[in-house]
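Chemist: Predicted model and sequence follow; I will ask about them next.
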Amino acid sequence: MMQLSPEQVTSVGRERKLQLTKSQRETLSKFTKKVPRILGVESLGEPDYSCRISSALWTATIEVTIWVERLARDPNGSRAYYEVRHKRGHYTADAVGWIYSAGKLITWDEFERVVLAKKDDEYIQLSLPPTEPREFTTRVRRLKAKMNFNHRL
């Protein structure tokens, strides 16, 4: 487990992107020779299939679990996990329930409009924080009952 600074919690929540500090990189260098400066972070419930597993999993608001065995075979830092957040239909929620599209804050109303206007062939995924605020969870469930979309617990 690796503790996150407030700035790292913000970045992981917004983009699932973890910029490692010098100290964190030094700690991880005990397990692998080449530690990436940035790690893509999975939300709980991701990935959809086991062949793509990130080296970092957001397990609590202020910490990530680092899979050191995976990190040793992960020269690009699982960047697919933060790059995909810039594709249409991919949204992230941070630890307080704010929603982001491509790293930019959007309102709940904007997200709801997108979901309700979704066509059958469109893909929408909301990646959730490890611990969701209760009122946010309620909103997500109500919206999902109106129009199905993917979300990761």
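Modeler: That came through, no problem.
Chemist: domains in this structure, as residue ranges please.
Modeler: 2-82, 86-152 (automatic domain parsing).
Chemist: and the first one, how far apart are its ends?
Modeler: End-to-end span of domain 2-82 (C-alpha to C-alpha, to the nearest Å): 18 Å.
Chemist: those strands in the protein, which residues are they?
Modeler: 2-3, 17-19, 38-42, 56-60, 63-66, 90-93, 99-101, 104-106, 125-127, 150-152 (DSSP state E).
Chemist: Adding mean neighbour count and distance to Pro75, write those strands out as TSV.
Modeler: C-betas here are computed from N, CA, C, even on glycine. Formatted as TSV, the strands of the chain follow (neighbours: other C-beta atoms under 10 Å; distance: least, C-beta to C-beta, whole Å):
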stretch	mean neighbour count	distance to Pro75
strand 2-3	14	19
strand 17-19	21	16
strand 38-42	24	12
strand 56-60	20	14
strand 63-66	20	15
strand 90-93	22	24
strand 99-101	20	27
strand 104-106	12	29
strand 125-127	21	24
strand 150-152	17	25
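Chemist: could those go into JSON lines alongside distance to Glu112 and mean pLDDT?
Modeler: Shown next, in JSON lines, are those (distance: least, C-beta to C-beta, whole Å; pLDDT from 0 to 100):
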{"stretch": "strand 2-3", "distance to Glu112": "34", "mean pLDDT": "96"}
{"stretch": "strand 17-19", "distance to Glu112": "25", "mean pLDDT": "96"}
{"stretch": "strand 38-42", "distance to Glu112": "25", "mean pLDDT": "94"}
{"stretch": "strand 56-60", "distance to Glu112": "24", "mean pLDDT": "94"}
{"stretch": "strand 63-66", "distance to Glu112": "29", "mean pLDDT": "96"}
{"stretch": "strand 90-93", "distance to Glu112": "11", "mean pLDDT": "95"}
{"stretch": "strand 99-101", "distance to Glu112": "10", "mean pLDDT": "97"}
{"stretch": "strand 104-106", "distance to Glu112": "10", "mean pLDDT": "97"}
{"stretch": "strand 125-127", "distance to Glu112": "11", "mean pLDDT": "92"}
{"stretch": "strand 150-152", "distance to Glu112": "13", "mean pLDDT": "75"}
